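Colleague: structure for the following, please:
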Amino acid sequence: MPTIILLDVSLSMCRPSSSNEEFQRRHLAVHAINTLLDYLAQHQRLEFTMLAQFSSLWEVLVPFTRDYNKLKAAITSIDSYDKTCVEGVLTGIAPLVIEEWGANIPCQVVLVTDGYTGTGPDSLAHSLQTKDARTQENIFPLPFPFPSELHVVMLAEGGEAATTSSLAIYRKLIKANDDHGSVWVPDAELSMNSVQKCVTSLAESQFGLFHAVLHCGHLTSNVNIFPCPKPYLFLNQLLPKSQQVSHDISICGFLDLGEVASPSVISRHLVLPLAPTKTTVKESPTEGDSPAEEEETDADVISKTPSFCVLMHGSLKVEGMTALCQVGEDWFGMLYSWADSKKKSNLMLSLFEPGVDVVPWLGKLDQLGPMSSFNETPYTEDDSHSAFPVKPKDKHSYSGSCVVWTKQSGLQTDIQKILRHARKLPEKMQQFYKELNRFRKAALAFGFPELLDGLSLILERECTMLPGSAHPDAALQLSHAVVTLRESIRKDYYYAIQPLRTNFSTATEEEPAVIAL
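Modeller: Residues are numbered from 1 along each chain as shown. So this is what the prediction gives:
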């Protein structure tokens, strides 16, 4: 994920460190940023990083780039300015991230400061106190309008008087970002070594690589998952809990890309083969070996080592298939080849939400099995028949016409439809009871049981107004519908009102051409 580094260049950063009068705190800040950039260059070369400085104003020194030498060169030419204003730079970087990456790409924000929060109305303490009383035009910048984590590196010592109060203020700042972030302070006295250890701990916990082992039968491959998958937090439970992706990823089987289609996923990650380490000790060269051949042998060790990850990527790309894999307990994902251009493609891992029924057209993922377990193959040679999509047992609401009573005319239309069928009984008996049950379910779903009483009165009045030429079964069916509709108010939602079986209906069904007099 993109990284934004914010450097405090206020006058307070010119204070010397207590342990060494030779170094100012801005020198320690430069060393801290260089340590972080070295870690990112080694472990996250593909990600973009932006550098900005701030005091009462703020300025972007280097926009988003992968050139870490350019970032390091910009740090060496910084100057000192006036007082600290943290709110200004947090407000300014938000539209830059939205313009560059949109509102869905998570970003890491690292703020390097000496812990001084400023004075007056521009201080961080005053901004946090007044953030709830702001207008829409002057809203507080946190939480950011994009997924983010804010990490504050305080170049201060625990023995300083202002450290305790500043630490509490910056923790409130993290809390304003929905508790997404952390505050880091060197454990020992301020020095180059203590600052380096502090930043290294931050980098390892927040920017570290996720090592995993990819299993497929007896084949295995050590891989890196990038970016590092975050724990999934279950928020719809009484006690929220989280689940972490396992370091053992097992491939369950393979499916055509057309069958999987484009399911909903929570994150996407690159799967990169882990470079093997050379553990064997190199033998001493013989008299016939040249130094050039010796260097070539050391350089080609990695390239000549076969990798199952590379084999998997090439197979999925050529065959147009995806690999269903298990990444945790009742947690699945899919591996597939993704191309960002015509010449370059990568092996991608998309994670579903935890659960076994997260892809409806595939059924329950833990019940999928190999084709050899079927008596007959579900596929045909011309691909006209497939085992997917799996038809659900329950009838979904979107498979039929829905009832909409947002306006008075909609309710009136449904009642008039029932009355039209009632006047044509018994010919329209099937349509009459179908619309009656549909009307009953909608009234109960909307929490409007009084509507059923009203419909019962309408049907009862319709029964008394039947003409003399009406079929005798019509009055019997309407009377039955009135009584049953009133009793069904206290019955289950899925209860269905059935037609009344009479001698007229029996004779009509068995001998439609003969009516007994």
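
Colleague: need the contact list for the residue nearest the centre of the chain.
Modeller: What sits nearest the mean C-alpha location of the chain, by C-alpha atoms, centre = their mean, is Ile266, with 3.0 Å. Neighbour list for Ile266: Tyr232, Leu351, Phe352, Glu353 [criterion: C-beta atoms under 8 Å, 6 or more residues apart in numbering]. Glycine gets a C-beta too; all of them are placed from N, C-alpha and C.

Colleague: I figured Ser56 hits Asp122, correct?
Modeller: Yes. Ser56 sits in contact with Asp122 when judged by C-beta atoms under 8 Å, with a separation of 6.6 Å.

Colleague: between those two, which is the more surrounded one?
Modeller: Neighbour comparison, Ser56 and Asp122: the larger count goes to Asp122, with 16 against 13 (by other C-beta atoms under 10 Å).

Colleague: contacting residues around the more buried one?
Modeller: For Asp122, the contact set (C-beta under 8 Å, 6+ apart) comprises Ser56, Lys83, Thr84, Cys85, Glu87, Gly88.

Colleague: other residues contacting the helix or strand where His215 lies?
Modeller: Per DSSP states H and E: His215 is located in strand 210-216. Here strand 210-216 makes contact (C-beta under 8 Å, 6+ apart) with 220-226, 228-229, 245-251, 271, 274, 308-309, 312, 323, 325.

Colleague: make a ChimeraX selection of the buried ones in the contacts of Asp122.
Modeller: Remark: buried members of the contacts of Asp122, expressed as a ChimeraX selection using 16 or more other C-beta atoms under 10 Å:
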select :84,85,87,88
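
Colleague: so which of the contacts of Asp122 is the closest to His471?
Modeller: Checking these against His471 with C-beta to C-beta, the nearest one is Glu87 at 80.4 Å.

Colleague: what's the helix or strand for the residue lying closest to the closest one once chain neighbours are set aside?
Modeller: Closest residue in space to Glu87, ignoring its immediate chain neighbours: Ser127 at 4.5 Å, by C-beta to C-beta, 6 or more residues apart in numbering. Ser127 belongs to helix 124-129 when assigned by DSSP H and E.

Colleague: try Cys402
Modeller: Using DSSP H and E, Cys402 sits within no helix or strand.

Colleague: and the pLDDT at the residue nearest to the centre of the chain?
Modeller: Note for Ile266: predicted pLDDT of 89.

Colleague: for it, give me the backbone phi and psi.
Modeller: Dihedral pair for Ile266: phi -100, psi -20, per degrees, to the nearest 10.

Colleague: then Leu324?
Modeller: Backbone torsions for Leu324, taken as degrees, to the nearest 10, come to phi -80, psi 120.

Colleague: just checking, it touches Cys252?
Modeller: Yes. Between Leu324 and Cys252 there is a contact under C-beta under 8 Å: 4.8 Å.

Colleague: find residues that contact each of those two.
Modeller: In contact with both Leu324 and Cys252: Phe332, Leu365, Leu368, using C-beta under 8 Å, 6+ apart.

Colleague: for the second one, which residues are in contact?
Modeller: Contacts were defined as C-beta under 8 Å, 6+ apart; by that measure Leu365 touches Cys252, Leu324, Phe332, Val356, Asp357, Val358, Val359.

Colleague: same deal with the last one?
Modeller: Residues counted as contacts of Leu368 (C-beta under 8 Å, 6+ apart) are Cys252, Gly253, Leu324, Leu362.

Colleague: Glu100 and Phe64: what is the separation?
Modeller: To Phe64, Glu100 is 6 Å away according to C-beta to C-beta, to the nearest Å.

Colleague: and for the two, which residues touch both?
Modeller: Common neighbours of Glu100 and Phe64, counting by C-beta under 8 Å, 6+ apart, are Pro2.

Colleague: more crowded one of these two?
Modeller: Using other C-beta under 10 Å as the criterion, Glu100 and Phe64 rank with Phe64 on top: 18 against 14.

Colleague: got the confidence number for that one?
Modeller: In this model, Phe64 is scored at 93, pLDDT.

Colleague: can you tell me the element it falls in?
Modeller: Counting by DSSP H and E, the element that carries Phe64 is strand 58-65.

Colleague: now the element after that strand, going C-ward?
Modeller: Using DSSP H and E, the helix or strand that follows strand 58-65 in sequence is helix 68-75.

Colleague: please name every helix or strand in contact with that following helix.
Modeller: For helix 68-75, the packing partners by 3 or more C-beta pairs under 8 Å, 6 or more residues apart in numbering; DSSP states H and E come out as helix 25-43, strand 49-54, strand 58-65.

Colleague: so which of these is the most surrounded?
Modeller: Greatest average neighbour count among the helices and strands packed on helix 68-75 goes to strand 49-54 (a mean of 22), per mean count of other C-beta atoms under 10 Å.

Colleague: now the angle between helix 25-43 and that one, please.
Modeller: Comparing the axes of strand 49-54 and helix 25-43 via axes from the mean of the first three to the mean of the last three C-alpha atoms, to 10 degrees yields an angle of 170 degrees.

Colleague: alpha carbons only: can I get strand 49-54 in PDB?
Modeller: Extracted in PDB, the C-alpha atoms of strand 49-54 (Å, rounded to 0.1, in the frame of the first residue of the first chain):
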ATOM      1  CA  THR A  49       6.100   6.600  -1.200                       C
ATOM      2  CA  MET A  50       5.500  10.300  -0.800                       C
ATOM      3  CA  LEU A  51       7.500  12.800   1.400                       C
ATOM      4  CA  ALA A  52       6.200  16.000   2.800                       C
ATOM      5  CA  GLN A  53       7.400  18.500   5.400                       C
ATOM      6  CA  PHE A  54       5.300  20.700   7.600                       C
END
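
Colleague: direction included, what does that strand pair up with?
Modeller: Taking DSSP bridges as the criterion, strand 49-54 sits next to strand 3-8 (parallel), strand 58-65 (antiparallel) in its sheet.

Colleague: save those strands as TSV, and put in distance to Val195 too.
Modeller: Below are the strands paired with strand 49-54 laid out as TSV (distance: least, C-beta to C-beta, whole Å):
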stretch	distance to Val195
strand 3-8	14
strand 58-65	20
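
Colleague: can I assume Asp179 sits in a helix?
Modeller: No. Counting by DSSP: H, G, I helix; E, B strand; the rest coil, Asp179 is not part of a helix but coil.
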